[in-house]
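Student: Sequence unavailable; structure follows:
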DNA sequence: AACAAAAAACTAATGATATTAGGCATTGTG
DNA sequence: CACAATGCCTAATATCATTAGTTTTTTGTT
């Protein structure tokens, strides 16, 4: 039997491509092996099982998302930064639906590495909101809010929930703007202005 | 062999209970059958397969969500109605995580019944936003926004994404309020006030 | 260069799952 | 009370993931 010349990276890459192309649920070891011209058990020389592959996709997706958000936020502040980060996240989800879907699943509580990557993305959101001059709990609540706004819109869009012929970018832009405006006002209100 | 006395409703109910208790992924026909004191193939006398069960849960969940949102919105308007509906949705997701998870999956495009239930929930959101005096596209964009806000926050919370010791109700309240405030202001801006 | 060790592929087997087919008992109805 | 429908069963097939054990190819060492 000739060797296929696989390694872990090649397996994970093929898995990502398959998940992007046919959806995360279509990613099975049997399918992946066939795609790579190999029998399913052979994959165990490179990965420890399906959960390992899924975790690798989740981490790769989270890394990529975070990198894009950081790039998008560079040199921007407040409302502009918030919108840029939102769209960076959305673009990634639309371009790599399989990786995105994998990265959405919450990391196992005992998976320190995966948790760490997730925390970095949260830190990026925190940084984006720092320009709004929020302190302490205000900043934490706002972070949860922005995560929810972005995750919610992108998730619904990825699930095909927006079927109307109405610009989705426009919807997203308005949502991000409304949240930003709302944030600014709640700050004013709290300052007693 | 004595009869178990099952019918479709009993099967679906047990499936919902199992999904709530152990998570939607734990819902398998084998598991469900064991729970009901019956062998898996016997379930086919009452449901047409696992997808049928999942669809039934999705529809039941969507119905219940919608009913709760309608009840919550009755007699309220604008910001108050928006907050009430958001919390009604959230309460349901926390009380019935399995049903909620099932109802989040988008209906198949050819599944008219399921689509219809989903549209009713959208109509409820539209109604809640009607008090804000939005017209045409503005109303549609805002509806997408509110759906995203609610779905996003509740989804993250259900996934265990909010691990800090910081009131989650408070975070959600602030998010809904920020969105409402942002909406009001974007309306003002558009009116040129 | 030869050979031993490591790595990568394979086949075979196990166990979970869904699902279909076919048989038998129970039940409710004429 | 017979009988037809119904509900449950066992048996069988097919798809997965995964483990064990084998073979073959590389690789690295002497």
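Tutor: Right, received. Where do you want to start? Because the structure is a prediction, the values reported are computed rather than measured.
Student: use CA for all of it now, contacts and neighbours both
Tutor: OK.
Student: Please compute how far the helix or strand of chain A with the lowest mean pLDDT lies from its chain's middle.
Tutor: Per-element confidence for chain A was summarised using mean pLDDT, DSSP states H and E. The lowest value among helices and strands belongs to helix A:168-191, with a mean of 90. The chain centroid and the centroid of helix A:168-191 are separated by 21 Å, computed with Cα atoms, centre = their mean, to the nearest Å.
Student: Just the buried residues of it, please?
Tutor: A:168, A:171-187 (16 or more other Cα atoms under 10 Å in any protein chain shown).
Student: What of stretch A:143-152?
Tutor: Neighbour-count burial for stretch A:143-152 flags A:143-152 (criterion: 16+ other Cα under 10 Å).
Student: Mind telling me what element the closest residue to residue A:56 other than its chain neighbours is part of?
Tutor: The shortest distance from residue A:56 to any residue other than its chain neighbours is 7.0 Å, reached at residue A:12 (Cα to Cα, 6 or more residues apart in numbering or on different chains). When secondary structure is defined by DSSP states H and E, residue A:12 falls within helix A:8-22.
Student: before we move on, the earlier item: so which residues make contact with the least confident helix or strand of chain A?
Tutor: Applying Cα atoms under 8 Å, 6 or more residues apart in numbering or on different chains, the set of residues contacting helix A:168-191 from outside is A:79, A:82-83, A:86, A:132, A:134, A:142, A:146, A:149, A:153, A:162, B:141-142, B:144-145, B:175, B:177-183, B:185-186.
Student: got it, and stretch A:145-161?
Tutor: For stretch A:145-161, the surrounding residues in contact (Cα under 8 Å, 6+ apart) are A:86, A:89-90, A:93-94, A:97, A:122, A:125, A:162, A:172, A:175-176, A:179, B:105-106, B:144-145, B:147-153, B:155-156, B:171-172, B:174-175.
Student: Show me which residues of chain A are close to DNA strand C?
Tutor: A:1-7, A:37-43, A:45-46 (Cα under 7 Å from any atom of the strand).
Student: closest to residue B:118 among these?
Tutor: residue A:40 (39.6 Å; Cα to Cα).
Student: quick one, what contacts the closest one?
Tutor: Residues counted as contacts of residue A:40 (Cα under 8 Å, 6+ apart) are A:29-30, A:32-34.
Student: Got the confidence number for it?
Tutor: According to the predicted model, the pLDDT of residue A:40 comes to 98.
Student: returning to that earlier point: what subset of the residues of chain A next to DNA strand C is buried?
Tutor: Neighbour counting by 16+ other Cα under 10 Å classes A:38, A:43 among the residues of chain A next to DNA strand C as buried.
Student: picking up where we left off before, among the buried residues of stretch A:143-152, which two are most distant?
Tutor: Checking these against each other with Cα to Cα, the farthest-apart pair comes out as A:143 and A:152, at 13.7 Å.
Student: what about residue A:28, distance to residue B:167?
Tutor: Counting by Cα to Cα, to the nearest Å, the separation of residue A:28 from residue B:167 is 39 Å.
Student: So for those two, which residue has more residues nearby?
Tutor: For residue A:28 against residue B:167, the residue with the higher neighbour count under other Cα atoms under 10 Å in any protein chain shown is residue A:28, and the figures read 17 against 12.
Student: so residue A:65 sits right up against residue A:92, yeah?
Tutor: Yes: with contact defined as Cα atoms under 8 Å, residue A:65 reaches residue A:92; the gap is 6.6 Å.
Student: Pull the number of nearby residues for residue A:165.
Tutor: Other residues lying near residue A:165 total 6 when counted by other Cα under 10 Å.
Student: Would you mind giving the secondary structure of it?
Tutor: coil (DSSP: H, G, I helix; E, B strand; the rest coil).
Student: how much space between whichever residue of chain A sits closest to chain B and DNA strand C?
Tutor: Ranking the residues of chain A by distance to chain B (Cα to the nearest Cα) places residue A:152 first, at 3.4 Å. As judged by Cα to the nearest atom of the strand, to the nearest Å, residue A:152 and DNA strand C stand 29 Å apart.
Student: Kindly report the same for residue A:174.
Tutor: In this structure, residue A:174 lies at 41 Å from DNA strand C, with Cα to the nearest atom of the strand as the measure.
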